[in-house]
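Peer 1: make a model of this:
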Amino acid sequence: MTVEPVRAGSSLHRLGVVCGLCAGAWLGAAEAPTKLVTIGISPFVITLGMVMGVFVARWTLPMMLKGSGYVFSDLRQKPHLIVWAVIAGMLWAVANTLTVFAVRNVGLSIAFPLWNTNSLVGLFWGWLFFKELRGSGAKGWFKVLGGTAAILLGASVLAYATTQQSAYTSGKATLGILAALTAGLLWGTMYIPYRKAYISGMNPLSFVTIFTFGELGATLALGGIFEHGLGNLFHEFSATRPVLFWLFLGGFCWVIGDLFQQYAAKYVGIGRGIPLSNTNQLWGLAWGALVFGEFAGLSTFARELVTGGSLLMIAGAVAIATAVAPASELASWKLAMERECSRYELNKQQVEAAMRGEEDQNAQKNGRRWWDVLVLLAAVGIFIALAWGTHGRSIELNLPWMLVLLAATTVCLVIGGTLLWRRTKFS
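Peer 2: Numbering: from 1, shown residues only. Below you'll find the predicted structure:
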C-alpha cells in the first residue's frame, strides 16, 4: 500500500525537474528583446511592451489549455488567493523593470546570474513559511545548501567579471549589479504567493490569469511616475511601434517559461524548483554571447570567469535538483497544506488531490466557453497587427545561432508540455 504514493511522488519530482529546466529555456529566450534598450528605448517602455504581451498570453494560454469556465471556477473556490496573485504580479513588474536597467548597464550574459540569486531568497522563504527541507535529513540539506552556495559563488564570480568589461563604465556597472540583485530579491519574495497558492490547491493557470493584473497595474504606475505622466509614457510607447511586435513576443515567451516555472514550484517546491528554472542563466549566456556578441569586449580572463561562474551555478542547480524530498519532508509539506486548509476552510481532500496533480472534476465540468475562441482570435489578431510593418533595429546578431537556440527552446516546449498533459492534464 505504500508503493503507489512513493511512485507518485517520484513521478511528480521528475515532472517538476523537467518543468524547471523547460522554464529556464523559455525564460532565457524571453529576455532577448530587452537588448533593444541598448539602442535608446526607455526601460519603462521596454517593460510596458513586454507586460502587454504577457497580459495577452496570460489570458490566452489558460483559455486554450483548460477553458475560462475552469479558471473562473477555480478562482471562486479560492477567492482569498486573488489578492496574493495581484501582489505577486506587482513584485514581478518592479523586478522586471530593474532587469532592463541591468541589461543596459552590464549586458544580458552578466545580468542573468545576478538576478538569479532569487533562488537563495526563495529557498529561505520556502523553509521559513512552507516547511520545505524540514525532515529532509543531512543529505538533503547538504545537496540543497551546497547547491545554493555554488549558485551564490558563481554569481559573485560573474559580478567580478563585469569589472573586466571595458564596454561599461564602473559607475554604470555598479548600478547594473545593484539593479540585478534587487530584482533577484523581489523575484525571490514573489514566490511566497506562488507556493501559498499551490499548497492551497489552486491551478497555476488560474493563478497567472489574475497575476497579470498586478503586473500591468504596477508597470503603468512606474512608467507614469518616472516618465512624468501616463501621457508621456504612451507617447513614447507609440513611437516604438516598429519594434512592439518583438516586445510582445518576448512577453509571450516569458509566460510560457513562467508557466513551466509555476508547475515546477508546485510539484518540487520553490527551494528546488526555482534553482532549476534559473538555468535560464545558461540560456541567457548563450543568447548574449552567441547571438548578440556580448563577449566581444571581454578579455580572455574575463571570459574564463564568466564561463567558470556559469558552470558553477549550473552545478549548484543540478545538486539541488537531485535532492528528492523524502517522506519525512513531504509530511512537513502536508502540515503546511493543512494549515492553509484550516485557515481558509478549504476542502482537504480536494487540495491533496490537486497537490498530487489530479484533475479537479468539478472545475473541469465548467471548462470551455464559446467566448474562449474569441479570446484566442483576439490574441492572434493583435500579433498579426503588430507584425505588420515591424522592422528590425540596427543591432548586430548571429542569425544561425539564433535559429539553433529557437529550435532548442521549441523542443523543450514539446517535451515539457507533453509530459505535463500526460501526467496531470495541466492540473
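Peer 1: for the stretch 101-250 of the chain, what are the low-confidence residue spans?
Peer 2: Within the stretch 101-250 of the chain, the ranges that satisfy pLDDT under 70 run 108-109, 155, 158-171.
Peer 1: helices along that one, start to end?
Peer 2: 108-115, 118-130, 137-161, 170-198, 204-226, 230-239, 244-268 (DSSP state H, counting those that start in this stretch).
Peer 1: tell me the angle the fourth one makes with helix 118-130.
Peer 2: Right, helix 170-198. Relative orientation of helix 170-198 and helix 118-130, computed by axes from the mean of the first three to the mean of the last three C-alpha atoms, to 10 degrees: 30 degrees.
Peer 1: ok, the fifth one next?
Peer 2: Helix 204-226 runs at 120 degrees relative to helix 118-130, counting by the same axes, to 10 degrees.
Peer 1: put the alpha carbons of helix 204-226 into PDB.
Peer 2: Extracted in PDB, the C-alpha atoms of helix 204-226 (Å, rounded to 0.1, in the frame of the first residue of the first chain):
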ATOM      1  CA  PRO A 204      -1.200  27.500 -11.900                       C
ATOM      2  CA  LEU A 205      -3.200  28.500 -15.000                       C
ATOM      3  CA  SER A 206      -5.800  30.200 -12.700                       C
ATOM      4  CA  PHE A 207      -3.100  31.900 -10.600                       C
ATOM      5  CA  VAL A 208      -1.300  33.500 -13.600                       C
ATOM      6  CA  THR A 209      -4.600  34.800 -15.000                       C
ATOM      7  CA  ILE A 210      -5.000  37.100 -12.000                       C
ATOM      8  CA  PHE A 211      -1.300  37.600 -11.600                       C
ATOM      9  CA  THR A 212      -1.200  39.700 -14.800                       C
ATOM     10  CA  PHE A 213      -3.400  42.400 -13.400                       C
ATOM     11  CA  GLY A 214      -0.800  43.200 -10.700                       C
ATOM     12  CA  GLU A 215       1.900  43.200 -13.400                       C
ATOM     13  CA  LEU A 216       0.100  45.600 -15.700                       C
ATOM     14  CA  GLY A 217      -1.000  47.900 -12.900                       C
ATOM     15  CA  ALA A 218       2.500  48.200 -11.400                       C
ATOM     16  CA  THR A 219       4.100  48.700 -14.800                       C
ATOM     17  CA  LEU A 220       1.700  51.600 -15.600                       C
ATOM     18  CA  ALA A 221       2.300  53.200 -12.200                       C
ATOM     19  CA  LEU A 222       6.100  53.000 -12.600                       C
ATOM     20  CA  GLY A 223       6.000  54.300 -16.100                       C
ATOM     21  CA  GLY A 224       3.700  57.100 -15.200                       C
ATOM     22  CA  ILE A 225       5.900  58.200 -12.300                       C
ATOM     23  CA  PHE A 226       9.300  58.100 -13.900                       C
END
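Peer 1: that one: how far from the chain's middle?
Peer 2: Relative to its chain's centre, helix 204-226 lies at 14 Å (C-alpha atoms, centre = their mean, to the nearest Å).
Peer 1: quick check: buried residues in it?
Peer 2: 204-216, 218-220, 222-224 (16 or more other C-beta atoms under 10 Å). Heads up, the C-betas are built off the backbone N, CA and C, glycines and all.
Peer 1: and stretch 194-203, how far apart are its ends?
Peer 2: End-to-end span of stretch 194-203 (C-alpha to C-alpha, to the nearest Å): 10 Å.
Peer 1: centre of the chain to it, how far?
Peer 2: 16 Å.
Peer 1: contacts for that stretch next, please.
Peer 2: 66, 70-71, 74, 78, 81, 84-85, 88, 125-126, 129-130, 204, 207, 262, 265-266, 269-270, 333, 336-337, 340-341, 344, 346-347, 350-351, 353-355, 360, 363, 426-427 (C-beta atoms under 8 Å, 6 or more residues apart in numbering).
Peer 1: what about 7 Å?
Peer 2: By C-beta atoms under 7 Å, 6 or more residues apart in numbering, the list of residues contacting stretch 194-203 from outside reads 74, 78, 81, 84-85, 88, 126, 130, 207, 262, 265-266, 270, 336-337, 340, 344, 346, 350-351, 354-355, 427.
Peer 1: got a quick ChimeraX command for the buried subset of these?
Peer 2: Typed into ChimeraX, the next command selects the buried ones out of these (criterion: 16+ other C-beta under 10 Å):
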select :74,78,81,84,85,88,126,130,207,262,265,266,270,336,337,340,346,350,351,354,355,427
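Peer 1: out of the contacts of stretch 194-203, name the ones that lie in strands.
Peer 2: Judged by DSSP state E, these include no members of strands.
Peer 1: report the contact partners of Leu128.
Peer 2: Listed by C-beta under 7 Å, 6+ apart, Leu128 has no contact partners.
Peer 1: look up how far Val121 lies from it.
Peer 2: Distance of Leu128 to Val121, given as C-beta to C-beta, to the nearest Å: 11 Å.
Peer 1: nearest spatial neighbour of Trp26, skipping sequence neighbours?
Peer 2: Once flanking residues are discounted, Trp26 sits nearest to Gly257: 3.1 Å by C-beta to C-beta, 6 or more residues apart in numbering.
Peer 1: residues near the one you found, how many?
Peer 2: 25 (other C-beta atoms under 10 Å).
Peer 1: mind checking pLDDT for it?
Peer 2: For Gly257, the pLDDT comes out at 92.
Peer 1: distance check, it against Val380.
Peer 2: 21 Å.
Peer 1: ok, back up a step: most packed of the helices of the stretch 101-250 of the chain?
Peer 2: Stretch with highest mean neighbour count among the helices of the stretch 101-250 of the chain: helix 108-115 (a mean of 28; mean count of other C-beta atoms under 10 Å).
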